[in-house]
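**Q** The amino acid sequence is not available; the structure is as follows:
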């Protein structure tokens, strides 16, 4: 059944999820799957086994603009999230324009905290936001701080006793992916949001230093865990030597800089206001993901 015919058979709104296989997108689909909406997952390679049977799928190929226009037909609201990549700006702008052309009424964009520094992907999100604001369409910007999930890269180094970086002694207010998905769900389902042109800053309940994170891991693992302080140059050299691409090195060292400078220490009540529940905290996330960090340091 085509998207347009499905919309004619039902008064329910149609919500398309771009970035449906990403962390936030997947959590959002799980949260919306039981709601009375027509849900469409946008994917480069649709896979019937990836989502619940009643979730529609539409192919999206950014090298074939016609697929973008086709995917937006019959869609009322769009959640926009693309993975961090050198083409993120180009791809998201193309999908925004396709949505506007198809008559989509509201776009919820997964953005990032606003920073004055020219760091990827923060500057990319700013460029995409500027384009979205210039178009005649309802929009909501969700600007989360750094995700708890960035700590998954610390799993092996913590196990081996080599965890460290160039984050210094700055503080960062990390946020749970599920809280961002819950906030997106709340906006997408709110009937009043269709005419919004707003931005929400999403944060966890408090800010932490990397030494604080190490102390939490020490408590949970029952063995000493330490964060080894490195200079930015040392960290860059170490990452490049490990085979990480230059693009990823730039992103990772940029994140270290935001922590070192305490650029993402903001604390808001926005998750509570949008979702009705408090944001999840770091200790809970670490407990749920403790298997990543278990093992004997050597």
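**A** On my side now, so go ahead. For clarity, every value in this text was computed on a predicted model and none was experimentally measured.

**Q** Which residue ranges of the protein form helices?
**A** Using DSSP state H, the helices of the chain run over residues 3-9, 23-32, 65-72, 88-102, 122-134, 155-160, 177-189, 210-221, 232-241, 246-260, 270-275, 282-288.

**Q** mind listing what's buried in the fourth one?
**A** Neighbour counts using 16 or more other C-beta atoms under 10 Å place 88, 89, 91, 92, 93, 95, 96, 97, 98, 99, 102 of helix 88-102 among the buried residues. (Glycine included, C-beta is placed from N, CA and C.)

**Q** so what's the spatially closest residue to residue 183 that is not a sequence neighbour up against?
**A** Nearest in space to residue 183, with sequence neighbours left out and distances taken as C-beta to C-beta, 6 or more residues apart in numbering, is residue 274 at 4.6 Å. For residue 274, the contact set (C-beta atoms under 8 Å, 6 or more residues apart in numbering) comprises 182, 183, 186, 187, 200.

**Q** what's the spacing between residue 274 and residue 154?
**A** For residue 274, the distance to residue 154 equals 29 Å [C-beta to C-beta, to the nearest Å].

**Q** Check residue 24 too.
**A** In this structure, residue 24 lies at 20 Å from residue 154, with C-beta to C-beta as the measure.

**Q** which of the two has more neighbours?
**A** residue 24 (24 against 21; other C-beta atoms under 10 Å).

**Q** That one reaches residue 109, doesn't it?
**A** No - contact status for residue 24 versus residue 109: not in contact, 11.5 Å apart, counting by C-beta atoms under 8 Å.

**Q** Which neighbours do the two have in common?
**A** Common contact partners of residue 24 and residue 109 (C-beta under 8 Å, 6+ apart): residue 81.

**Q** Going by neighbour count, list what's buried in stretch 156-174.
**A** For stretch 156-174, burial by neighbour count (16+ other C-beta under 10 Å) applies to 157-159, 161, 163-168, 170-174.

**Q** Mind picking the two most distant members of those residues?
**A** Greatest spatial distance in those: 161 and 173, 27.1 Å, computed using C-beta to C-beta.

**Q** ok, the residue nearest to residue 61 when sequence neighbours are not counted - how many residues close by?
**A** In this structure, residue 61 finds its nearest non-sequential neighbour in residue 67, 4.7 Å apart by C-beta to C-beta, 6+ apart. Neighbourhood size, residue 67 [other C-beta under 10 Å]: 17.

**Q** contacting residues for residue 106?
**A** Under the criterion of C-beta under 8 Å, 6+ apart, the contact partners of residue 106 comprise 76, 77, 78, 137, 138, 139, 140, 188, 193, 194, 195, 196.

**Q** Would you mind checking which of those residues is nearest to residue 58?
**A** Each of the contacts of residue 106 was scored against residue 58 by C-beta to C-beta, and residue 78 proved nearest at 11.4 Å.

**Q** And the pLDDT for that closest one?
**A** pLDDT recorded at residue 78 is 98.

**Q** what's the burial count for it?
**A** 28.

**Q** what are the bridge partners for it, then?
**A** As for beta bridges, residue 78 partners with residue 16, residue 107 under DSSP bridges.

**Q** show me the contacts for it.
**A** The neighbourhood of residue 78, defined by C-beta under 8 Å, 6+ apart, consists of 15, 16, 18, 72, 95, 99, 104, 106, 107, 108.

**Q** Can you add distance to residue 132 and pLDDT and give the residues you listed back as JSON lines?
**A** Rendered in JSON lines, the data for these read as follows (distance: C-beta to C-beta, whole Å; pLDDT from 0 to 100):
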{"residue": "15", "distance to residue 132": "17", "pLDDT": "98"}
{"residue": "16", "distance to residue 132": "15", "pLDDT": "98"}
{"residue": "18", "distance to residue 132": "13", "pLDDT": "96"}
{"residue": "72", "distance to residue 132": "15", "pLDDT": "97"}
{"residue": "95", "distance to residue 132": "10", "pLDDT": "97"}
{"residue": "99", "distance to residue 132": "10", "pLDDT": "97"}
{"residue": "104", "distance to residue 132": "12", "pLDDT": "97"}
{"residue": "106", "distance to residue 132": "11", "pLDDT": "97"}
{"residue": "107", "distance to residue 132": "6", "pLDDT": "98"}
{"residue": "108", "distance to residue 132": "10", "pLDDT": "98"}
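
**Q** now these in TSV, with distance to residue 287?
**A** Putting those into TSV (distance: C-beta to C-beta, whole Å) gives the following:
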residue	distance to residue 287
15	32
16	34
18	32
72	41
95	37
99	39
104	40
106	36
107	35
108	30
